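K.L.:
Compute the structure for the input listed below.
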Amino acid sequence: MTKRFSWVAVARGAVGALVVLAVWQAFARSGMFSTAMTPPLESVGRVIWRMLADGTFVENALATLARVFIGLAISFALAVPIGVLMARYWAAERIFQPVLSALLPIPSLAWVPLFILWFGIGNVATLLVVVYASLFPLVYSVWTGVRTVNPLWVRAATVMGADEGVLFRKVIWPGALPYIITGLRLAFGRAWIGVIGGELLASPKLGLGEIIFNAAEFLDAGVMLATLVGIGVIGVLFERFVFQALERLTVRRWGMVAGPAA
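P.N.:
I've put the predicted structure just below:
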């Protein structure tokens, strides 16, 4: 039954993708713009093949993913203690919540000019954009997850002599894990958007955003569209295969979500 539903979901996704491709092909062939500005699917496909064959796409995609993972790691290291403190201690919540509420509405790309001014163009400015973009979903997911842990579990563990370390590892962390996984998904999406924008503006040596920036300088719409397709495909692959696998390997391991019936 699970496989059947999986194939149905794949089929539905394929139909949606085919509709989008058909609409683009009709638009590209409509004559509203020249094919140099709106290349048809076969032209975009040739560009994708060329970029894959010469390693351009893979090299730049790896550079972009490295920035995303480093930025997410930094955000996670900051978000866990902040979120736990906010959930466990009233004073910490009163200190951090106004700051987070003030910073949250500011788009991550709005900081790029300041980051470039302070740290110059390149990796540091782009990494800071990723950290800023992904930090807030992680903090709020940790905060919410820890607050929703059943207080009876916490009380029972405390009565049985669990110290703060054991309480966190055995009760709080497993209880908050479903929210943290959701926060990671949201943070990855925001980080993925932020890193492309950061690469467009901060001009590091490698990156998918840098490919788009360079292609725009030469009005090469085919390369820009091919790169956008690659960005979308990578995002879908991570959502479908990385985060769903992470959820299975962690949330179900801790027994917070029921596994499939035998």
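K.L.:
switch to C-alpha atoms for all contacts and neighbour counts from now on
P.N.:
Will do.
K.L.:
element containing W192?
P.N.:
Element membership of W192, judged by DSSP states H and E, is helix 173-202.
K.L.:
Show me the shaky parts of this protein.
P.N.:
Low-confidence segments of the chain (pLDDT under 70): 1-10, 12-13, 162-163, 247, 249-262.
K.L.:
for it, what spans make up the helices?
P.N.:
2-28, 41-53, 56-88, 90-103, 112-119, 123-147, 151-159, 164-167, 173-202, 208-217, 221-237, 244-250 (DSSP state H).
K.L.:
Make TSV out of the ones you listed and add mean neighbour count and distance to T35.
P.N.:
Output for the helices of the chain, formatted as TSV (neighbours: other CA atoms under 10 Å; distance: least, CA to CA, whole Å):
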stretch	mean neighbour count	distance to T35
helix 2-28	12	6
helix 41-53	16	9
helix 56-88	19	23
helix 90-103	12	43
helix 112-119	16	33
helix 123-147	26	33
helix 151-159	13	63
helix 164-167	13	62
helix 173-202	23	24
helix 208-217	19	16
helix 221-237	17	9
helix 244-250	14	39
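K.L.:
Switch those helices over to TSV; also include distance to S34.
P.N.:
Formatted as TSV, the helices of the chain follow (distance: least, CA to CA, whole Å):
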stretch	distance to S34
helix 2-28	8
helix 41-53	13
helix 56-88	26
helix 90-103	43
helix 112-119	34
helix 123-147	34
helix 151-159	64
helix 164-167	64
helix 173-202	25
helix 208-217	16
helix 221-237	11
helix 244-250	42
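K.L.:
re the thing from before, which other helices and strands contact the helix holding W192?
P.N.:
helix 56-88, helix 112-119, helix 123-147, helix 208-217, helix 244-250 (3 or more CA pairs under 8 Å, 6 or more residues apart in numbering; DSSP states H and E).
K.L.:
of all those, which lies closest to G165?
P.N.:
For these, proximity to G165 was assessed by CA to CA; helix 56-88 is nearest, at 12.4 Å.
K.L.:
just checking, what packs against the closest one?
P.N.:
helix 90-103, helix 123-147, helix 173-202, helix 208-217.
K.L.:
just how off-centre is it within its chain?
P.N.:
Offset of helix 56-88 from its chain centre (CA atoms, centre = their mean, to the nearest Å): 9 Å.
K.L.:
Then stretch 126-133?
P.N.:
Here the centre of stretch 126-133 is set off from its chain's centre by 12 Å, with CA atoms, centre = their mean.
K.L.:
hmm, who's touching that stretch?
P.N.:
67-68, 70-72, 74-75, 107-109, 111-112, 115, 187, 190-192, 194-195, 198-199, 202, 204 (CA atoms under 8 Å, 6 or more residues apart in numbering).
K.L.:
repeat for stretch 236-246
P.N.:
So stretch 236-246 is contacted by I181, R185 (CA under 8 Å, 6+ apart).
K.L.:
hey, C-alpha coordinates of that stretch in CSV?
P.N.:
Taking Å, rounded to 0.1, in the frame of the first residue of the first chain, the C-alpha atoms of stretch 236-246 are listed here in CSV:
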residue,chain,number,x,y,z
VAL,A,236,13.3,18.9,-4.3
LEU,A,237,15.9,16.1,-3.9
PHE,A,238,16.9,17.3,-0.5
GLU,A,239,13.3,17.6,0.6
ARG,A,240,12.2,14.2,-0.7
PHE,A,241,15.3,12.1,0.1
VAL,A,242,17.4,13.8,2.8
PHE,A,243,14.8,15.3,5.2
GLN,A,244,12.3,12.4,4.9
ALA,A,245,15.1,9.9,5.5
LEU,A,246,16.3,12.0,8.5
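K.L.:
Sweet, I'm off.
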